[in-house]
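J.: Provided below are the primary sequence and the corresponding predicted coordinates.
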Amino acid sequence: MNSDLVIKDLRVSIEDKEILKGVNLTVRAGSIHAIMGPNGSGKSTLAYTLMGHPGYTVTGGEAWYQGQNILELEPDERSKLGLFLAFQYPVAIPGVTVANFLRAAINAHRAEEGKDPKETAIPMAQFRKQIREQMAALSIDEGFARRYLNEGFSGGEKKRVEILQMAMLQPGMAIMDETDSGLDIDALKIVSQGVNTLYEQHPDMGVLVITHYQRLLNYIKPHYVSVLMDGRIVREGGPELALELEEKGYDFIREEVASS
Amino acid sequence: MKTFPTLAELSDTTILDVSQAAGEPAWLADQRMAAWRFFAAAEPPFWRRTDLSKFKAEQIAAAIGASATSLVWERDPAGQGVVFAPLLQALHTHEAVIRQHLGTAIDSQRHKFVALNAALWQDGVFLYVPQNTAVELPLTAAFTMPAPGDAIVARNLIILDHGASVTFVEEYRSDAGAGQAFAAPITEMFLGNDATLRFVTVQTWGEDVYHIGAQKARVGRGATIEWSAVNLGARVQHVEAETALEGDGSRVEWVAATFGGGHQNLLTAPWLRHIGAKTEAHMDFKTVVKDQSYTTFDGMIKIEHQSRATVSRLEEHALHLTPKARSDSIPGLMIDTNDVARAGHASTSGEVDEEQLFYMRSRGIPRDDAIHLIVMGFFEPVLDRIPTEALRQRIAEMIEAKI
């Protein structure tokens, strides 16, 4: 089975407005791949569509991962296949603690058809040990385990808890949607370090880093950079492309695209 | 086996006979007779949102003298001078204090069913906690509907002296069994100065029970009531509940969880009266509806003329799991003073949030499981206040089963 994420001619609309106009992109297993683009280029649409948000209508194309066209799967099935989305705006779930939520997610991943969920559930002691270790690694106070998920969390806390979830679920392909937005430099360092540590521990993991700014890429170093503009990938290159964008802005690419 | 007259066949002689046979004091017999005469003469109340059209009084036995009350505690509080006993029994030992309080919080002529309770009550509990006495472990009065066709007419009288503190749980439950049954419980609560009452009322009747209840707390200076209500059972529920913050600096933390399913018709009418100075109220009412159920929140907050510097906050939220279910919210606010510190109200009603669902599903949690988590989380502020693990577990399982 192929652990690359292969996106072919992906077209996506929101309420009849076409946002992605034929995206072709391969995120290789074991690579860190940045997607950069200006506001409104379709970056978040790409992230949400890959995870299966019901508000986005796929009008054409395919996205292959682990031998399946994931566009045909439910969001929870995509997660079990190994896909993970770190949200730009994580949603609050009142009354559900971080620990209970994570346990439900882990147990959903461990569930097997035809088996009693109690049999496949993670043993409590093992879960506690894991969550304690991962929270310590991300400098998250232990008390957060008992807090309601994302309720009243600061921007930095939310992003850290996103990475905590990622570390606990150990996805094969992680999509980070504007993970740097709303973070101060200290929080950015902690979050980036969390991603890097996870990547070092799981060198087969693919990471798709979606960002507007080059700043994040100082901390999470990409192998590949693709530029998304007006619903299409318009440039591909190595890390130097991100630096070039930082220096010249998106306009120089826009002009190049217009003149070609 | 003794057969009882049905509710439709009762007469004043029955009431008087039973009272005399029990050797009740004359003042109580008089109370019962006065209430009975009101009941007999009064028209059934006109309630737009409570459907009594299928209620058959002629099929319900007024099980006079029967006892469905069981009192549960982990540690007998009698050693602390606490009285926790069936109300009828307590009459023999504490007649004066019972006479002084019984029927003084809730007017027996409030409506027909309150009068019925005042005339007929046999079940129910008397709880008295002396001055500056803290009862650590919760005290529970459990009422079990024995069979279809029965009635539980319970009367609970809760009195906390100055500085007393206690957790009192009243639980209404049925043994399974189809057929109509009827419950008309009344709970009157009196909190002396600086007393703390954690009041937990849990209604988990079987599916064909008509539950028409009234509850009221009178809260003294500096006293606090934490009132937690769970409404899961019954075919029809009509509960009028009132907190009167009479003393200066008195407070209420009032939470409720209501879950309607099937054809349930569940109404809660909480009244909150700010009377003293610097009284404070936080109300958080949660409702979930599905199937063809219909729930009503018919609330009223009254900030009386003599109150000052009131703080009052009402939250009420409804979650619809299926499109045909209905929940009405009729919050009212009457302010009769210019001196209010803060008064606020927030209300929402809608389906399960798609963004929450997507977020949870993106972590691998299947849709149905995600809805379970969301509903349990929605009720969590109420479940969190259930004082015993066994009861919390039982309620959580009932909610899970209903989802």
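T.: Perfect, I can see it now.

J.: what's the closest non-adjacent residue to residue A:60?
T.: Nearest non-adjacent residue to residue A:60, counting by CB to CB, 6 or more residues apart in numbering or on different chains: residue A:11, 3.8 Å away. Where you see a C-beta, it was placed from the backbone N, CA and C, and this is true even at glycine.

J.: my guess is residue A:228 meets residue A:245, correct?
T.: No - using CB atoms under 8 Å, residue A:228 is not in contact with residue A:245, being 11.7 Å away.

J.: picking up where we left off before, and the helix or strand harbouring the residue nearest to residue A:60, what other elements does it pack with?
T.: Element membership for residue A:11 (DSSP states H and E) is strand A:5-14. Packing partners of strand A:5-14 (3 or more CB pairs under 8 Å, 6 or more residues apart in numbering or on different chains; DSSP states H and E): strand A:17-27, helix A:43-51, strand A:57-65.

J.: if you set the cut-off to 7 Å instead, what comes out?
T.: Applying 3 or more CB pairs under 7 Å, 6 or more residues apart in numbering or on different chains; DSSP states H and E, we find strand A:5-14 packed against strand A:17-27, strand A:57-65.

J.: run me through the strand neighbours of the shortest one, direction for each.
T.: Using DSSP bridges, the strands paired with strand A:57-65 in its sheet are strand A:5-14 (antiparallel), strand A:68-69 (antiparallel).

J.: show me the contact partners of the first one.
T.: By that I understand strand A:5-14. With contacts defined as CB atoms under 7 Å, 6 or more residues apart in numbering or on different chains, strand A:5-14 is touched by A:18-27, A:45, A:49, A:55-65, A:173, A:206.

J.: out of the residues you listed, which end up buried?
T.: By neighbour count, with 16 or more other CB atoms under 10 Å in any protein chain shown, the contacts of strand A:5-14 hold A:19-21, A:23, A:25-27, A:45, A:49, A:56, A:58, A:61, A:63-65, A:173, A:206 as buried.

J.: if I look at residue A:29, what pLDDT would I see?
T.: Turning to residue A:29, the model gives it a pLDDT of 96.

J.: check the secondary structure at the closest residue to it other than its chain neighbours for me.
T.: Using CB to CB, 6+ apart and skipping residues adjacent in sequence, the residue nearest residue A:29 is residue A:3, 3.7 Å away. Here residue A:3 is coil, with the state taken from DSSP: H, G, I helix; E, B strand; the rest coil.

J.: tell me how many other residues crowd residue A:3.
T.: Residue A:3: 17 surrounding residues under other CB atoms under 10 Å in any protein chain shown.

J.: tell me who's in contact with it.
T.: Residue A:3 neighbours (CB under 7 Å, 6+ apart): A:29, A:66, A:172, A:204.

J.: JSON lines for those residues, including neighbour count?
T.: Shown next, in JSON lines, are these (neighbours: other CB atoms under 10 Å in any protein chain shown):
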{"residue": "A:29", "neighbour count": "17"}
{"residue": "A:66", "neighbour count": "17"}
{"residue": "A:172", "neighbour count": "18"}
{"residue": "A:204", "neighbour count": "11"}
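
J.: mind putting these into TSV with secondary structure and distance to residue B:275?
T.: Shown next, in TSV, are the contacts of residue A:3 (DSSP: H, G, I helix; E, B strand; the rest coil; distance: CB to CB, whole Å):
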residue	secondary structure	distance to residue B:275
A:29	coil	69
A:66	coil	66
A:172	coil	63
A:204	coil	68
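
J.: from the residues you listed, which is closest to chain B?
T.: Nearest to chain B among these: residue A:172, at 12.8 Å, using CB to the nearest CB.

J.: surely that closest one and residue A:80 touch.
T.: No - if you go by CB atoms under 7 Å, residue A:172 and residue A:80 don't touch, sitting 10.7 Å apart.

J.: quick check on residue 206: phi, psi?
T.: No chain in the question, so chain A it is. When quoted as degrees, to the nearest 10, the phi and psi of residue A:206 stand at phi -90, psi 140.

J.: was after chain B, sorry
T.: Note on residue B:206: its backbone torsions stand at phi -70, psi 180 [degrees, to the nearest 10].

J.: leaving out chain neighbours, which residue sits closest to residue B:319?
T.: Nearest-residue entry for residue B:319: residue B:288, 4.8 Å, with adjacent residues in sequence omitted and distances by CB to CB, 6+ apart.

J.: count the neighbours of the one you found for me.
T.: Residue B:288 has 27 neighbours, counted by other CB under 10 Å.

J.: now the stretch 1-150 of chain A against chain B: closest residue?
T.: Going by CB to the nearest CB, chain B is nearest to residue A:95 of the stretch 1-150 of chain A, at 2.9 Å.

J.: what residues are up against the closest residue to residue A:45 other than its chain neighbours?
T.: Take residue A:45 and drop its neighbours on the chain: the residue closest to it by CB to CB, 6+ apart is residue A:19, 4.5 Å away. Applying CB under 7 Å, 6+ apart to residue A:19 gives the contacts A:12, A:13, A:42, A:45, A:231.

J.: hmm, residue A:109 and residue B:365 touching each other?
T.: No - between residue B:365 and residue A:109 there is no contact under CB under 7 Å: 9.3 Å.

J.: now whichever strand or helix holds residue B:190: average pLDDT?
T.: According to DSSP H and E, residue B:190 maps onto strand B:186-191. Strand B:186-191 shows a mean pLDDT of 98.

J.: thinking again about what came up before, retrieve the pLDDT associated with the residue of the stretch 1-150 of chain A closest to chain B.
T.: Note on residue A:95: pLDDT of 95.

J.: how about it, phi and psi?
T.: phi 80, psi -10.

J.: ok, it touching residue A:148?
T.: Yes - the criterion here is CB under 7 Å, and residue A:95 meets it with residue A:148 at 5.9 Å.

J.: contact residues of the stretch 101-250 of chain A facing chain B?
T.: Within the stretch 101-250 of chain A, the positions near chain B by CB under 7 Å from any CB of the partner chain are A:104, A:105, A:108, A:109, A:165, A:169.

J.: ok, the third one - contacts?
T.: Residue A:108 is in contact with A:76, B:364, B:365, B:366, B:369, counting by CB under 7 Å, 6+ apart.

J.: just give me the residue closest to the centre of chain A.
T.: Residue closest to the mean C-alpha point of chain A, counted by CA atoms, centre = their mean, is residue A:175 at 2.0 Å.

J.: ok but that residue is inside a strand, no?
T.: Yes - counting by three-state DSSP, residue A:175 is part of a strand.
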